[in-house]
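Undergrad: Below is the sequence, then the predicted model.
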Amino acid sequence: MALEKAAHELLGALGDESKAIRGEAEYKVFRDRWIARKNGILTQLNDLWLKAAPKDVKRTVGQQVNEIKTHVEDVVAKAEHLQLELATASPIASGTVDITLPGIRRPIGAEHPVMRTSREMVAVFQKLGYSVADGPVIETDYYNFEALNFPPNHPARDTQDTLFIAGQRAKPLRERLLLRTHTSPVQIRTMEKMRPPIRIVIPGTVHRNDPPDASHSPMFHQIEGLAVDTNITFGDLKGTLDHAMKEFFGSSVKTSFRPSFFPFTEPSAEMFVSCFICGGSGRRGADPCRPCKQTGWIEILGCGMVDPNVFEFVKDNGYDPKKISGFAFGMGADRIALLKYGVDDLQAFFQGDVRFLQQFG
Ligand SMILES: [Zn+2]
């Protein structure tokens with residue numbers, strides 16, 4: 001009788017444990033606990049009940065142990081089946097997912113205002129037949145300065161506040177690496193690869209040792225252009241840029257050119273557009289127009305006819321300054337974006353504050 005009571009308790013525990021199974025891991029623990037060859041409960045029954053039973057009751061105990069064994073194996077097999085069904089059932093069908101709950105909305109990104117300005121300006125020149133050129137941000141002294149007519153020790157180099165890569169002293173000057181201070185090295189790189197005529201526009205990041213403030217940043221964006229062909233004149237330069245500014249800012253803007261100096265162009269000019277904020281009047285109602293400092297004009301870019309000294313560096317690829325001529329121009333995409341979107345702090349573009357950037361989405 002004691003044996004039957006023990007068997008009854010054992011099978012009761014088996015039933016309770018099998019009902020509590022909630023997954024594969026729990027099922028495996030349950031299975032091993034009952035039928036593992038080593039130390040499983042069935043093995044223990046064999047050792048403790050059957051082997052230890054006196055001879056005269058061995059037969060009865062044997063039958064009891066066999067019945068228990070069949071029952072346990074049956075329950076374990078059922079538990080496995082149930083556990084597999086649970087694992088493959090869809091969460092929706094089993095009711096564990098409430099499909100009436102609102103979903104997680106994935107925020108949609110938007111183009112950064114500086115990137116958008118740059119792309120729109122590039123598109124204006126692409127319509128004129130210009131193609132986009134690209135080059136490395138880490139440049140050599142040769143491409144960033146020397147080939148652009150900044151000779152070693154020339155004072156014009158000082159105006160560029162260059163960030164040099166450390167540990168370059170052992171190299172010859174022209175091979176030393178720096179962060180490009182303008183996109184102009186791409187002009188030389190492109191002329192080395194392509195024979196004239198060329199028309200390229202070059203958007204990209206540049207670096208200078210300028211502490212960040214409302215109008216300066218150690219990293220900013222330029223858009224540069226170069227056209228080289230036979231008989232290119234300053235008239236072509238003016239006509240192209242006047243057309244481009246009207247495309248970009250609106251057909252009512254006027255352009256004005258004032259003499260300037262850049263080492264790689266001769267003659268050089270700064271181009272102004274009539275203020276597209278106050279319409280050139282210098283005033284906004286009773287208030288002075290701040291972006292144009294009440295002058296009615298805003299400086300937008302630097303430009304000029306490519307200096308023949310620059311062509312000398314790529315003369316072997318068909319750029320004989322006696323036969324060809326060209327113009328180049330360069331502008332700051334960040335500054336144009338500031339003006340276009342009426343932002344008064346350049347840093348706002350680079351701080352990554354989503355509240356600021358969301359306004360442009
Ligand atoms: Zn104005």
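TA: Here it is on my side, so go on. Residues are numbered from 1 along each chain as shown.
Undergrad: can you list the weak-confidence ranges in the protein?
TA: Within the chain, the segments meeting pLDDT under 70 span 1, 89-95.
Undergrad: Enumerate the residues of it near the ion.
TA: 275, 277-278, 289, 292 (CB under 5 Å from the ion). (Each C-beta comes from the backbone N, C-alpha and C, glycine too.)
Undergrad: any idea which of the residues you listed has the most stuff around it?
TA: residue 275 (25 neighbours; other CB atoms under 10 Å).
Undergrad: Leaving out sequence neighbours, find the closest residue to that residue.
TA: Excluding the flanking residues, the one nearest residue 275 by CB to CB, 6 or more residues apart in numbering is residue 292, at 3.7 Å.
Undergrad: Do I have it right that that neighbour meets residue 300?
TA: No - contact criterion CB atoms under 8 Å: residue 292 and residue 300 do not qualify, at 11.2 Å.
Undergrad: measure residue 330 to residue 50 for me?
TA: 95 Å (CB to CB, to the nearest Å).
Undergrad: swap in residue 320?
TA: 107 Å.
Undergrad: list the contacts for the residue lying closest to residue 110 once chain neighbours are set aside?
TA: Nearest residue to residue 110, sequence neighbours excluded (CB to CB, 6+ apart): residue 361, at 3.6 Å. Residue 361 sits next to 108-110 when contact means CB atoms under 8 Å, 6 or more residues apart in numbering.
Undergrad: can you check residue 87 too?
TA: If you count contacts by CB under 8 Å, 6+ apart, residue 87 has them with 23-24.
Undergrad: so is it in a helix, a strand, or just coil?
TA: For residue 87, the secondary-structure state derived from DSSP: H, G, I helix; E, B strand; the rest coil is helix.
Undergrad: Relative to the ion, which of the contacts of residue 361 is nearest.
TA: The shortest approach to the ion among the contacts of residue 361 belongs to residue 110, at 27.8 Å (CB to the ion).
Undergrad: OK, contacts around the closest one?
TA: 357-358, 360-361.
Undergrad: same thing but at 10 Å, please
TA: 116, 357-361 (CB atoms under 10 Å, 6 or more residues apart in numbering).
Undergrad: ok so it is a helix residue?
TA: No - secondary structure of residue 110 (three-state DSSP): coil, not part of a helix.
Undergrad: In the stretch 151-300 of the chain, what residue spans correspond to helices?
TA: 185-193, 234-249 (DSSP state H, counting those that start in this stretch).
Undergrad: where exactly do the strands run in the stretch 51-200 of the chain?
TA: Taking DSSP state E, counting those that start in this stretch, the strands of the stretch 51-200 of the chain run over residues 131-132, 138-140, 177-179, 198-207.
Undergrad: got the angle for the last one vs helix 185-193?
TA: Between the axes of strand 198-207 and helix 185-193, defined by axes from the mean of the first three to the mean of the last three CA atoms, to 10 degrees, the angle is 140 degrees.
Undergrad: So for residue 330 and residue 50, which sits in the more crowded spot?
TA: residue 330 (22 against 14).
Undergrad: how deep is the closest residue to the more buried one other than its chain neighbours tucked in, by neighbour count?
TA: Of all residues not flanking residue 330 in the chain, residue 224 sits nearest, at 4.2 Å (CB to CB, 6+ apart). Neighbourhood size, residue 224 [other CB under 10 Å]: 24.
Undergrad: just checking, residue 224 touches residue 201?
TA: Yes - assessed by CB atoms under 10 Å, residue 224 is found in contact with residue 201 at 7.2 Å.
Undergrad: what is in contact with those two at once?
TA: 133, 183, 186, 329.
Undergrad: Pipe the residues you listed into a markdown table and attach neighbour count and distance to residue 149 per row.
TA: What follows is the shared contacts of residue 224 and residue 201, written out as a markdown table (neighbours: other CB atoms under 10 Å; distance: CB to CB, whole Å):
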| residue | neighbour count | distance to residue 149 |
| --- | --- | --- |
| 133 | 22 | 19 |
| 183 | 24 | 16 |
| 186 | 24 | 16 |
| 329 | 23 | 16 |
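Undergrad: Next, the contact list for residue 213, please.
TA: Counting by CB under 10 Å, 6+ apart, residue 213 touches 345-347.
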